[in-house]
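S.K.: structure for this input, please:
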Amino acid sequence: MNNLIYHFFDDDEFLRISNKIAEVELITSGEVRVSIRDKRKFSERNDNIRSLAEKEFYRLNMHQTKDKTGILLFFLLGERQFYILADTDINEKVDQSVWDEASKEIQKYFRNGYFSKGIISGIEKVGKILSDHFPIKPDDVNELTNKVVLP
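M.R.: Next comes the predicted model:
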């Protein structure tokens with residue numbers, strides 16, 4: 001496993017993040033994923049953070065959720081960048097500026113060195129927004145794993 005990632009997080013924190021995803025998915029039909037990478041691949045050197053998040057979104061098959069309600073919190077630790085990317089049905093109801101606001105909250109935690117708390121806070125915020133627009137359905141199933149994606 002990569003040393004840079006473990007400079008910021010330990011296994012307990014990954015478990016807390018996964019548990020927070022499971023918790024917010026009890027109130028929304030949305031599918032939340034967190035992907036954390038230490039650095040970009042050489043072939044991605046000219047890609048912006050949104051483009052990297054989009055590639056990860058498709059790599060994780062998040063575009064294949066039944067209701068197009070996947071949302072990815074993508075982190076590139078080595079460059080101190082991250083991006084919140086939502087699928088098409090979410091984007092029809094929630095403006096990108098809402099996710100940008102959630103990003104600002106995460107950044108506040110990160111600036112103070114609270115990386116795990118920042119991600120958990122971001123998941124809570126995303127979950128609340130999703131629950132307003134995409135409440136849990138009686139027949140909801142967890143379509144995607146809640147585990148944190150690492151390289």
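S.K.: CA atoms for contacts and neighbours, from now on please.
M.R.: Will do.
S.K.: what's the offset of the longest helix seen in the chain from the middle of its chain?
M.R.: Assignment by DSSP state H gives helix 115-133 as the longest helix of the chain. Averaging C-alpha positions (CA atoms, centre = their mean, to the nearest Å) puts helix 115-133 9 Å from its chain's average.
S.K.: list the buried residues of it.
M.R.: 115-131 (16 or more other CA atoms under 10 Å).
S.K.: now stretch 38-54
M.R.: So for stretch 38-54, counting by 16+ other CA under 10 Å, buried means Asp38, Lys39, Arg40, Ile49, Leu52, Ala53, Glu54.
S.K.: redo those as JSON lines? Include pLDDT and secondary structure.
M.R.: Output for these, formatted as JSON lines (pLDDT from 0 to 100; DSSP: H, G, I helix; E, B strand; the rest coil):
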{"residue": "Asp38", "pLDDT": "92", "secondary structure": "coil"}
{"residue": "Lys39", "pLDDT": "91", "secondary structure": "coil"}
{"residue": "Arg40", "pLDDT": "91", "secondary structure": "coil"}
{"residue": "Ile49", "pLDDT": "96", "secondary structure": "helix"}
{"residue": "Leu52", "pLDDT": "97", "secondary structure": "helix"}
{"residue": "Ala53", "pLDDT": "97", "secondary structure": "helix"}
{"residue": "Glu54", "pLDDT": "97", "secondary structure": "helix"}
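S.K.: how about those in JSON lines, adding distance to Arg16?
M.R.: What follows is the buried residues of stretch 38-54, written out as JSON lines (distance: CA to CA, whole Å):
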{"residue": "Asp38", "distance to Arg16": "20"}
{"residue": "Lys39", "distance to Arg16": "23"}
{"residue": "Arg40", "distance to Arg16": "25"}
{"residue": "Ile49", "distance to Arg16": "25"}
{"residue": "Leu52", "distance to Arg16": "25"}
{"residue": "Ala53", "distance to Arg16": "22"}
{"residue": "Glu54", "distance to Arg16": "25"}
